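Visitor: give the three-dimensional model of this entry:
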Amino acid sequence: MGVNIQKKQGVFLNMKRFIAVIIIFFSLYLPIFAQNEFQPEEKPAEISEQSVKKDQTLNTIKEVAASIQNISDQIGIKKKELRELIGTQEQKDKIRAEINTLNEQKAIHEKSLERISTGIDLELFEAKPQKDFKWQEELHDLLGPVIEELKRMTDKPRQIEKLNSEYVFYENRLATARKAHENVKKLIPEVKDKKIITYLTDVEKTWKNKNQELDNQLKVINLQRSEKLREKKSLLEETQNLMRLFFKSRSQNLLLALLAFFCVLFVLQMLYRLISKLLPNHIEKKYPFYVRLGHLLYRFMMVMGAACSLLIMLYATGDWVLLSIAIVFIFGIVWTARQGFTKFFEQIKLLLNLGAVRENERVVYKGIPWKVVSINFYSHFENPELKLGRIRLALEQLIGLSSRPYDHDEPWFPCRVGDWLLMSDGTYGRVIMQTPEIVQLVLLGGSHKTYLTEEFLKLGAVNMSTNFRVSVIFGLDYAHQIYITRHIPDRLREMLLKQLIAEGYGNYILNLRVEFREAAASSLNLEILADFSGKLAQHYRKITRALQRICVDACNRYGWIIPFQQVTIHQSDKQAKSPDNYRETINIAPSSPLPDYQQTVVLRSENQASATQTITAQSPPEELPIVPSTEASGELADYAATEVETEFYQKWVRKHQGDKYQFCERLFSGGMGAIFKVLERDLQRISAMKVLLPGLKDHPDTLNNFITEAKITGFLEHPNIVPVHELGLLPQAGIFFTMKLAKGQTLNAILAELNEGNPEYIEKYNAYHLLNIFRKVCDAVSYAHSINIVHQDIKPHNIMVGKYGEVFLMDWGIAKYVGDVEQEPDSVAKEFLKDILSFSKEKKSFHIKGSPAYMSPEQVSGDPQQIDKASDIFLLGATLYHIFTLVPPYQGDDIQGILLKAKNAELIPPETRNPAAQVPSEMSGIIMKAMASYKHDRYNSVEDMVKDIDDFIAGKWSPQETKFFAAGETIMREGEIGEEAYVIVKGSVIIYRESGGHRVILNTAKEGDIIGEIALIIKAPRSASVEAAEDTEVAVFTARLISYNIRRLPPYMEKIVSAMTERLLAANANIHPHLTTDCTDVVLKQLRLIFKDKSGDTESQVLFKDVVSEISGDLGIPEEKVCEVLSMATDRNLIVHEDDDSLEIPDIEVLQNFKESRMIG
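Guide: Coordinates of the predicted model:
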């Protein structure tokens, strides 16, 4: 019942508004009627003014009557002459023409006399009824009353203008007639002949009469004009009179017509609402298609009915003027609607619920999801999760949107009021308000932070109020390597769980895990993963801190070491206190959780023992003292171990009783030995230990090679050669040597993954990365060659690639010294090499050494005298062959077959071995030169080979082709699909377009310029033609060539180029549709640039057609679009288009401000 009362009140409210509009309308226009009915009569003119006017009229009548009498006398004379004339017919016709002219003048004067005496316009009585119009004149019948009404309203101004024109006309004629009369009058005294005198006298009289007639005519016109001007009123009075005249005669008809229009519209609208209530589902407003179609047709008929009622009312009142205006107005509306038929059709589809947006579906508007409640001329959207989440949109605003069905569990907003959020910008707070415009968070501490809703959604908030995870990474020292994957995570989890329960978080813990994460550079990292209920979202950061604190407590409880930062300081000679250079290593432990601040300073020099000082204090000292070594003699006996030193060593270094090495696991087994992962107990260092295989321990050659490998590897000191720590003998392992444990994988394993198409490896190891690895191997080989040691087994299997970019050349087991020991300058090196050579002489036999798939011909021959540095260069080329082809140089079914191929150098060129690898021809040349059959055809040194590789990386060898075009030859043609870009090497070209059968020159290009570059990123028709202006040579670039060059870039540069290409493609896709619609901004910007470039050239003109052609060519915009923008700019006085077709910009700042205001708007 309450609902019905509210609806009735709404109806009454609408009626009140309608009645109020009518009352306001009558109140505005009734004063006009009152002025017309009750306005007092105007006061008569002054008596003196009337008498003057009467005198002027009488004088004018007398003068006109005299002119009429004079003309009548002349007519009588002419008729008499005609009767008495005895002459030719031509002379009679001439006199008759003069008589007719005089009669016409007489008639004009008589009409003027009648007009002056009556004081009215006689033309009103001379109008004749119009004849029947043809069918073309039907439109004139329709608009005739309107035009006549306008003519009637503007009658006085037109009459005054007509009299002004006549006055100027007769005034000019009078001046000419007076001049003619004066000329004839001056001529008569000079003539002697009586006949001529008689003739001239007649002419003089004739022109005298004409002067008199024209003067009388001017007086008449002047009198009439004075009367009209005297009757003329001010613009305001004329406007009031026109309005009064209109509403006096037509206001009643107009009010009746408008009243009929609104009454019919109101009644039909009320009927529409009544019918809508009777329809099913009118409350939910889920109408089927036929009901929507009926609604739309009813509204159309409602408007048509109201319009017809207006026309019928005007027809009934007989007001043809208003009826004509109404018909023209309606016709104009229909004609205008025809232009936007497509837009109206889309709106009709939306109203029928057949468009892209439909009722009860989900649509995204300005980044926010909305539910489409209803679609009408004003549609309603709502979002139930937003405060005041209801908006109203006009129907045209729905065009361009698209809705979809939604799931009932689908969220309408990523959060609700009261939820705790972690924003991507680091903000953490609770939602206190969310509306269609803003989202407001309260942060810890009480401050508020407000986001625009669109920006809030772009940031991507993490809702912590459902459930959340806390992830903490905690590192331990490498001393705990043995237990880091098993025991430590379990103990740490137990303590974390116990402490979290004790602090009151136990009921909200969903999951708690401690896992080993990674072996970092200076620590073994654990990751704590703790899942909590959303009820603890407010304590997210407090829990994060608690986990860190509990981890430190666990370290204190179980004695786990937290790694600390190491700093190395190098002193210069001037700073050192002795000639030797000291190396100072300062290890600073963190102040927490240790109770005391500890620092250790270690000083080392080449010729002196290490001195160590440990300082313990409750707070860190301001300066770290440096303790230099004490002066001592060079006798070894002075450095003998003391009791304190021995006791200290046994307590702190050899505190672990038993073997020096603890074996952890076997890492690798090869053809000669096995590698174990061991822990050096004294230094707590993880190392790699290599031992001989059990079946080879009794072979002298194998023992010789093993010991030689250890000694040579230990002798070589290079960043890309694994350092050897110790060579010794263990009862449980035999002869061994330990070296640095290189973590990573072999280059052979990497190439195998690339050959299998592993996408992760393809992305990580591009050609540049692999060449960088190979360069480091070359550096190691070059260093070994500098001391006359050759490797003899360089291959991808012996190249270790570390996780952090380290590269090591491994397995020096068959390395050989190829120099002259006596020529070695270093005495220590000389003694070492003599030892190696003397040890090698004890070998009982010689075998072919190396890997068959990579061997050089001289290695296969078995002659050790042929092995030298060139053999390693061959092996480097073979490794490079494998890198680029992903397969070894020699392959076969058995070893003998492979060795035979290597001996005969049956090498397949890299580019044909694996065509899919696309080996560049210049790289193939480097490989084939390094792997030449004869040593003298190979590179002279590793440095020479590296130089060519560096040139290849730097891009000095360019595989692009060149083309030559004669003058006048077409290089590119507009509209063709091109895949090539050209760089002009020599000559110049003309860039043009064909427009209307004429060639429009857009630009010219010269040496160094690039043309057609868009073809490198997208296949599109050429936007212009290019012709050689002279003999021209160009370099050709294709997308494949660019891709090849990109692969030679560093990885980060490759990603940058790829990202820029994607941005250019996106920009190209966005710009071209934009240029075809609203191109005002870009055209004005280009126009400003054109004038800016020519600002210094004061002599040249900027022509309109040239500007249109240049902008169209540069931007790809049709010329008609450019003309529209320039016309708009001319109308707004932004530019001036002169008569000589030149353009000028009065103020370039105004043009810039106009452009910026459009962008802001």
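
Visitor: so who does residue 784 touch?
Guide: Contacts for residue 784 (CB atoms under 8 Å, 6 or more residues apart in numbering) come out as 716, 718, 721, 790-791, 815, 872. To be clear about C-beta, it is placed using only N, CA and C from the backbone, and glycine gets the same treatment.

Visitor: let's see that with 10 Å instead.
Guide: For residue 784, the contact set (CB atoms under 10 Å, 6 or more residues apart in numbering) comprises 712, 715-716, 718, 721, 790-791, 809, 812, 815, 869, 872, 942.

Visitor: what's the answer for residue 919, then?
Guide: Applying CB under 10 Å, 6+ apart, the residues contacting residue 919 are 767, 881, 883-885, 909-913, 927.

Visitor: CSV for the contacts of residue 784, including distance to residue 781 and pLDDT?
Guide: Converted to CSV, these look like this (distance: CB to CB, whole Å; pLDDT from 0 to 100):
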residue, distance to residue 781, pLDDT
712, 13, 83
715, 15, 81
716, 11, 85
718, 10, 89
721, 10, 90
790, 8, 92
791, 6, 91
809, 7, 93
812, 11, 84
815, 11, 85
869, 9, 93
872, 6, 94
942, 5, 95
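
Visitor: among the residues you listed, which are located in helices?
Guide: Per DSSP state H, helices hold the following members of the contacts of residue 784: 712, 715, 869, 872, 942.

Visitor: neighbour-wise, give me the winner out of the residues you listed.
Guide: residue 872 (26 neighbours; other CB atoms under 10 Å).

Visitor: is it correct that that one is in contact with residue 788?
Guide: No - Residue 872 is beyond contact range of residue 788, at 11.4 Å (criterion: CB atoms under 10 Å).

Visitor: which neighbours do the two have in common?
Guide: residue 818.

Visitor: quick one, domains of this structure?
Guide: Per automatic domain parsing, the structural domains of the chain span 2-34+242-325, 650-741, 743-954, 958-1064, 1076-1161.

Visitor: for the third one, what is the distance to the chain centroid?
Guide: Mean-position distance between domain 743-954 and its chain equals 49 Å (CA atoms, centre = their mean, to the nearest Å).

Visitor: end to end, how far does it reach?
Guide: 31 Å (CA to CA, to the nearest Å).

Visitor: quick revisit: show me which pair in the contacts of residue 784 is furthest apart.
Guide: Farthest-apart pair in the contacts of residue 784 is 715 and 942; separation 18.9 Å (CB to CB).

Visitor: can you report phi and psi for residue 799?
Guide: Dihedral pair for residue 799: phi -110, psi 120, per degrees, to the nearest 10.

Visitor: make sure it is actually in contact with residue 777.
Guide: Yes - using CB under 10 Å, residue 799 and residue 777 qualify as a contacting pair, with a distance of 5.7 Å.

Visitor: need the strands for the stretch 451-600 of the chain, in chain order.
Guide: 462-463, 467-476, 509-519, 524-533, 566-570, 583-588, 597-604 (DSSP state E, counting those that start in this stretch).

Visitor: same question, the stretch 751-900 of the chain
Guide: Using DSSP E, counting those that start in this stretch, strands in the stretch 751-900 of the chain cover 789-790, 799-802, 807-809, 816-817.

Visitor: can you put these in JSON lines and add mean neighbour count and distance to residue 389?
Guide: Formatted as JSON lines, those follow (neighbours: other CB atoms under 10 Å; distance: least, CB to CB, whole Å):
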{"stretch": "strand 789-790", "mean neighbour count": "24", "distance to residue 389": "79"}
{"stretch": "strand 799-802", "mean neighbour count": "20", "distance to residue 389": "57"}
{"stretch": "strand 807-809", "mean neighbour count": "23", "distance to residue 389": "61"}
{"stretch": "strand 816-817", "mean neighbour count": "20", "distance to residue 389": "83"}
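
Visitor: do you know which of those lies nearest residue 976?
Guide: That would be strand 799-802 among those, by CB to CB, at 47.7 Å.

Visitor: show me what that closest one is packed against.
Guide: strand 744-746, helix 747-755, helix 767-786, strand 807-809 (3 or more CB pairs under 10 Å, 6 or more residues apart in numbering; DSSP states H and E).

Visitor: give me the residues contacting the last one.
Guide: Strand 807-809 has contacts (CB under 10 Å, 6+ apart) with 713, 716, 718-723, 739-740, 742, 744, 747, 772-781, 783-784, 791, 793-794, 798-802.

Visitor: which of those residues count as buried?
Guide: Among the contacts of strand 807-809, the ones that count as buried by 16 or more other CB atoms under 10 Å are 713, 716, 718, 720-722, 739-740, 742, 744, 747, 772-774, 776-781, 783-784, 791, 793-794, 798-801.

Visitor: could you report the neighbour count for the residue lying closest to residue 665 once chain neighbours are set aside?
Guide: Leaving aside its chain neighbours, residue 665 sits nearest to residue 677 (5.1 Å; criterion: CB to CB, 6 or more residues apart in numbering). Using other CB under 10 Å, residue 677 is surrounded by 17 other residues.
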